[in-house]
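**Student:** Below are the sequence and a predicted model for it; my questions follow.
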Amino acid sequence: MPVTITPIQEKDCWSGSTWTIEDENELAALIARVAIGQSRVVERVLRATGDLPHGYPKGGFDGARKLLSVAKGDKSYHRDGWVFQVIAWIAAHRFDDEALIRAPQMIMADKGLDGLIIEFDGDGIARVVICEEKATEHPRQKVQSAVWPEFEEFETGARDNELVASVTSLLDRSGDPDPDHTVANILWEEKRAYRVAVTVGENHSSQKGRKRLFKDYETKVLGNVDRRRAETLFLKNVRKWINDLAQKALAEIDAAEAAKYV
């Protein structure tokens, strides 16, 4: 697997993991597949830890390139954010290979949920995990300005309609015989949990740095520590690294399209 995870925890404040990229080429190949529209193929690979099939779809290449490219004059933030969401999705599968995990959105800068995870136990749904995933050069500022306010809004129940719709759709695609009934019986105050994932530099890559990074988490989301998950990916130069990774994914897409004519 291209991403490995190492568990971390800050007492009763939060728990989660740090991510390490083991194979950038393999990661680029998975990202290319997701960009082409084959997230279900990638998910089967992640669950079975097997190899990607040789075949590709007959189309979707131009749209995939658009997801992984930055138009002239534009900033790379939206592209970088989408790539990081795919990495976060892969890491979520590494964290819990039995959870239902919503595939990455195929529209950059979508204002909805960054990600959604449904975790299970012997009694059914254990947690519905709301995800915020940010590729940033300023992680603490991003967490304070963009992540905590989102979590606080969900905690009030103001966006439960969005949550209900997303959970119902994910359960429906998983084969739940009556997703509406399942969702209607969820006690949202008890089941709702959160996951923040961010890129970090040297300042936040240590235990003390992560403590500063996720300061106040337990005051934004009250309750048991399992309601608060925190994930980090250390990158010395986040913009360059994601751009290089995107170029490798684009090369995979070019090769896939060329193979149609062989």
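**Tutor:** Looks like it came in fine.
**Student:** Leaving out sequence neighbours, find the closest residue to Glu183.
**Tutor:** Check again: residue 183 is Val, not Glu. Thr168 (4.9 Å; Cβ to Cβ, 6 or more residues apart in numbering). For glycine as for every other residue, the C-beta is placed from the backbone atoms N, C-alpha and C.
**Student:** Where does the prediction get shaky in the stretch 51-200 of the chain?
**Tutor:** Within the stretch 51-200 of the chain, the stretches with pLDDT under 70 are 51, 53-59, 108-111.
**Student:** How about the contacts made by Arg229?
**Tutor:** Neighbour list for Arg229: 14-16, 129, 193-196 [criterion: Cβ atoms under 8 Å, 6 or more residues apart in numbering].
**Student:** Just to be sure, it is in a helix?
**Tutor:** No: applying DSSP: H, G, I helix; E, B strand; the rest coil, one finds Arg229 to be strand, outside a helix.
**Student:** Let me see the confidence value for it.
**Tutor:** Arg229 is assigned a predicted lDDT (pLDDT) of 98.
**Student:** Likewise for the one 3 residues further on?
**Tutor:** The predicted local distance difference test score for Thr232 is 98.
**Student:** helix or strand for Val167, which one?
**Tutor:** Element membership of Val167, judged by DSSP states H and E, is helix 160-174.
**Student:** Need the residues that contact that helix.
**Tutor:** With Cβ under 8 Å, 6+ apart as the test, helix 160-174 has contacts from 100, 102, 112-113, 116, 118, 128, 130, 154, 179-180, 182-183, 186, 188, 192.
**Student:** Just the buried residues from these, in ChimeraX please.
**Tutor:** Only the buried members of the contacts of helix 160-174 enter the following ChimeraX selection, criterion being 16 or more other Cβ atoms under 10 Å:
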select :100,102,113,116,118,128,130,154,179,182,183,186,192
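**Student:** Which of the residues in the helix holding Val167 are classified as buried?
**Tutor:** Across helix 160-174, burial judged by 16+ other Cβ under 10 Å covers 163-164, 166-168, 170-171.
**Student:** who touches the helix or strand following that helix?
**Tutor:** For helix 160-174, the following helix or strand on the C-terminal side (DSSP H and E) is helix 179-184. Where contact means Cβ under 8 Å, 6+ apart, the residues beyond helix 179-184 that reach it are 124-125, 164, 167-169, 171-172, 176.
**Student:** In helices, which of the contacts of helix 160-174 fall?
**Tutor:** Using DSSP state H, the members of the contacts of helix 160-174 that fall within helices are 154, 179-180, 182-183, 188.
**Student:** and which of those residues is nearest Arg47?
**Tutor:** Pro179 (20.8 Å; Cβ to Cβ).
**Student:** Closest to the centroid, which residue in this protein?
**Tutor:** Nearest residue to the geometric centre of the chain (Cα atoms, centre = their mean): Ala88, 3.1 Å.
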